[in-house]
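**Student:** Fold the following.
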Amino acid sequence: EQQEVTIKQGKEKNQSVVGFQNKSTTTARNSWYSLGLKTLPLAIIPAGINDIYKVFLNSGCLADKRLYEVRSSHKSIVLILNSSLYHLFQELNSRVGLGEGLLDLTVYEVASTLIIDPKLVEEVLNQDFELIRTSIKSVFEEYGLNPNLPFAQQTPNPTPARKAVDDVIFNALGLSQLERDEVYRAVCQLVFERTSKAKNKGA
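**Tutor:** Residues are numbered from 1 along each chain as shown. The predicted structure is shown next:
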């Protein structure tokens, strides 16, 4: 409370105050140093996405700043958030925010991205919880699509782990094989355009 603090952002950037309790972000809090009572979230979503999507089943972490908490009574939401359909919705609902084409997701974008009803896949997940413990690779590797060739001319060949997760979602929605392939192609096309534009811009 006696330490001199330099403000790093906002209207008061580069100004100094004595005591962390006197920063504009903490003056309204009596116990300015307290994080309050926190419960563990079900899952955690990283704020930044390049060509690897990942939503983690939480095993004991509290999120801060570049990580977003997922709170739900449905464990199946973790499966849904790791599905290729959700990857597609994220690409369509977010903007490129940082270097090299990184999707820099805001809280609003994560909260407003569509998902299917978790109840539709709850029973499947209860039978095979290991589905959400899948390996994570680049979407091009997971979907079996070559980024150096036109995606429209390729037939997706997803890894067994990727297919197992997506089939639960696709089956719940009754998607045909053609529609499933188009989801894979669309995600890869959007990721490719996002990341390649950034590389070309940097060059």
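**Student:** number of nearby residues for the residue lying closest to Y68 once chain neighbours are set aside?
**Tutor:** Spatial nearest neighbour of Y68, excluding adjacent residues (C-beta to C-beta, 6 or more residues apart in numbering): I45 at 4.5 Å. (C-beta placed from N, C-alpha, C; glycine too.) The number of residues packed near I45 is 21, by other C-beta atoms under 10 Å.
**Student:** Next: E91.
**Tutor:** Count around E91 with other C-beta under 10 Å applied: 21.
**Student:** Check it and give its pLDDT.
**Tutor:** Looking at E91, its pLDDT reads 92.
**Student:** contacting residues around the closest residue to it other than its chain neighbours?
**Tutor:** Using C-beta to C-beta, 6+ apart and skipping the chain neighbours, the partner closest in space to E91 is L190 (4.1 Å). By C-beta atoms under 8 Å, 6 or more residues apart in numbering, L190 lies in contact with L88, E91, L92.
**Student:** do F192 as well
**Tutor:** Contacts of F192 (C-beta under 8 Å, 6+ apart): F140, P147, F151.
**Student:** quick one: the first one from A186, how far?
**Tutor:** In other words, F140. With distances taken as C-beta to C-beta, to the nearest Å, F140 is found 13 Å from A186.
**Student:** Among these two, which residue is more densely surrounded?
**Tutor:** Neighbour totals were compared for F140 and A186, and F140 leads with 19 against 16 (other C-beta under 10 Å).
**Student:** Where in this structure is the helix or strand with the lowest mean pLDDT?
**Tutor:** Lowest mean confidence among the helices and strands of the chain (mean pLDDT, DSSP states H and E): helix 119-127, at a mean of 80.
**Student:** quick one: the helix or strand just after that one to chain centroid distance?
**Tutor:** For helix 119-127, the succeeding helix or strand toward the C-terminus, using DSSP states H and E, is helix 139-143. The chain centroid and the centroid of helix 139-143 are separated by 16 Å, computed with C-alpha atoms, centre = their mean, to the nearest Å.
**Student:** on contacts alone, who are the packing partners of whichever helix or strand comes after helix 139-143?
**Tutor:** Counting by DSSP H and E, the element after helix 139-143 in chain order, helix or strand, is helix 160-173. For helix 160-173, the elements it packs on are helix 76-81, helix 84-93, helix 119-127, helix 139-143, helix 177-202, judged by 3 or more C-beta pairs under 8 Å, 6 or more residues apart in numbering; DSSP states H and E.
**Student:** Highest mean neighbour count out of those?
**Tutor:** helix 76-81 (a mean of 24; mean count of other C-beta atoms under 10 Å).
**Student:** what kind of secondary structure is T39 in?
**Tutor:** coil (DSSP: H, G, I helix; E, B strand; the rest coil).
**Student:** So what's the residue count around it?
**Tutor:** 7.
**Student:** where does the most centrally placed residue in the chain land on pLDDT?
**Tutor:** Nearest to the geometric centre of the chain sits I45, at 4.6 Å (C-alpha atoms, centre = their mean). Looking at I45, its pLDDT reads 93.
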